[in-house]
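K.L.:
quick one, what's the 3D model for this:
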Amino acid sequence: MPLREALMTRRSMRVYSPKRFNLEDADDLQRLSDLLWAGFGYISPKRRSAPSSHNRQETDLYVLLPEGAFRFEPAVPGAATAGEPGGGRLVAVAAADLRAASGAQDYVGTAAAEIAFVADTAKITGKSPRGVVETIYVDTGFISQNIYLHCASEGLATVVRAMVPKESLATALGLAPTQEITLVQTVGWAQ
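P.N.:
A predicted model of the protein is given here:
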């Protein structure tokens, strides 16, 4: 889909079908991988699909699925695991379905996936505390918009959310004290 059309199609959806990403199906797995790559995958050995302040790349994507919670590790071009856009792997961090634990809205937990944006503030130096907060939220916004545009181009529904029980979700994901959840983005199919 041309960028102009994706921009015209992009919207926030709050009603989702019960359809899921089938991790046993190669096409669904590729669809999820492409989505995550569009969000914050590598486009060259040192650059990602979204900008980050001083190229610190402090944000990780945690994917909450019915099968559990996973951290997305994108493939680095030129590495043995690299290939076409969409390369990477999901590293299990929790066996429980944490989708519903990521917010109180009525559609949370019913969509195919919740993507938690997790910034490691230890990677940001030389900024005031306010500057750190500004940086992690701006960088999350770039990634979120990439996911919005990818969803528009692929016929997926999405909405980004700030109403997130961050402390309890951080505990469930086993995050370090320097890791902060900024936002969560719901992704699935429209009902």
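K.L.:
mind listing the strands whatever helix or strand Leu61 lives in pairs with, and their directions?
P.N.:
Using DSSP states H and E, the element containing Leu61 is strand 59-65. Here strand 59-65 has these sheet partners by DSSP bridges: strand 68-74 (antiparallel), strand 113-120 (antiparallel).
K.L.:
take those and lay them out in a markdown table including mean neighbour count, mean pLDDT and distance to Phe40.
P.N.:
C-betas here are computed from N, CA, C, even on glycine. Shown next, in a markdown table, are the strands paired with strand 59-65 (neighbours: other CB atoms under 10 Å; pLDDT from 0 to 100; distance: least, CB to CB, whole Å):
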| stretch | mean neighbour count | mean pLDDT | distance to Phe40 |
| --- | --- | --- | --- |
| strand 68-74 | 21 | 96 | 7 |
| strand 113-120 | 24 | 98 | 9 |
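K.L.:
between those, which one is nearest to Leu173?
P.N.:
strand 68-74 (5.9 Å; CB to CB).
K.L.:
which element follows the closest one toward the C-terminus?
P.N.:
Next element after strand 68-74 (DSSP H and E): strand 88-94.
K.L.:
all helices of the chain, in order?
P.N.:
Listed in chain order, the helices of the chain (DSSP state H) span 3-9, 26-40, 129-154, 166-173.
K.L.:
distance to Val93, mean neighbour count and mean pLDDT added to those helices, as JSON lines?
P.N.:
Output for the helices of the chain, formatted as JSON lines (distance: least, CB to CB, whole Å; neighbours: other CB atoms under 10 Å; pLDDT from 0 to 100):
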{"stretch": "helix 3-9", "distance to Val93": "31", "mean neighbour count": "12", "mean pLDDT": "80"}
{"stretch": "helix 26-40", "distance to Val93": "15", "mean neighbour count": "19", "mean pLDDT": "92"}
{"stretch": "helix 129-154", "distance to Val93": "18", "mean neighbour count": "18", "mean pLDDT": "96"}
{"stretch": "helix 166-173", "distance to Val93": "6", "mean neighbour count": "16", "mean pLDDT": "98"}
